[in-house]
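Participant: only the shape, not the letters, is given here:
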């Protein structure tokens, strides 16, 4: 499965990531009766950790210390990715977004059953930033290492190739 790769420039106070694109996987195949459990297992099998279940915050934010995968386990939503002047995405069950550190994201609208499973590469933990990153934040974003594997497709997935080429 090949994801769409989307670059975002700085958007007002949201730095985004100047070197790494957001990856959008549409209609990831989910198996079994529990799509959330299937996403959690897939992310864990592919070396990502710290899984959680929730939605996406309704306010614009980004992370300076972690890349993040968001897998839609149920429902549908409209998300604004890339900061206040970013791009709106319609996502639904089975879609996954891989957000490089620094990428702004927020929920604009969602169905009542909207559920996301999130995860991070080993050793990375999401801080929630809602303002200018400053020089320290920009250095932190640039220092976040590339993950060893793609959260959706594993070690041989396209993430490392796409992100390594910038």
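Facilitator: Yes, it's here. Everything quoted here is computed from the prediction, not taken from an experiment. Numbers count the residues shown, from 1 in each chain.
Participant: was I right to think residue 83 contacts residue 60?
Facilitator: Yes - with contacts counted by Cβ atoms under 8 Å, residue 83 reaches residue 60, the gap being 6.4 Å. Yep, even glycine has a C-beta here, placed from its N, CA and C like the rest.
Participant: the more surrounded of these two?
Facilitator: More crowded of residue 83 and residue 60, by other Cβ atoms under 10 Å: residue 83, with 24 against 20.
Participant: residue contacts, the residue of the chain most remote from its centre?
Facilitator: The outermost residue of the chain relative to its centre, with distances by Cα atoms, centre = their mean, is residue 33 at 23.9 Å. With contact set as Cβ atoms under 8 Å, 6 or more residues apart in numbering, residue 33 has no partners.
Participant: how far away is it from residue 74?
Facilitator: Distance of residue 33 to residue 74, given as Cβ to Cβ, to the nearest Å: 12 Å.
Participant: check residue 49 too.
Facilitator: Counting by Cβ to Cβ - residue 49 and residue 74 are separated by 22 Å.
Participant: when the two are compared, which one has more neighbours?
Facilitator: Ranked by neighbour count (other Cβ under 10 Å), residue 49 and residue 74 place residue 74 first, with 18 against 13.
Participant: so that one touches residue 115, yeah?
Facilitator: Yes - contact criterion Cβ under 8 Å: residue 74 and residue 115 qualify, at 4.1 Å.
Participant: spit out the residues that contact these two alike.
Facilitator: Residues touching both residue 74 and residue 115 by Cβ under 8 Å, 6+ apart: residue 36.
Participant: picking up where we left off before, list residues touching both of residue 83 and residue 60?
Facilitator: Listed as contacting both residue 83 and residue 60 by Cβ under 8 Å, 6+ apart are 14, 104.
Participant: got the contact list for the helix or strand of the chain with the lowest mean pLDDT?
Facilitator: Of all helical and strand segments in the chain, the minimum by mean pLDDT, DSSP states H and E falls on helix 159-165, at a mean of 90. Outside helix 159-165, the residues within contact range by Cβ under 8 Å, 6+ apart are 3, 5, 20-21, 23, 98, 100, 146-153.
Participant: apply 7 Å and report the result again.
Facilitator: Outside helix 159-165, the residues that touch it by Cβ atoms under 7 Å, 6 or more residues apart in numbering are 5, 20, 21, 23, 98, 146, 147, 150.
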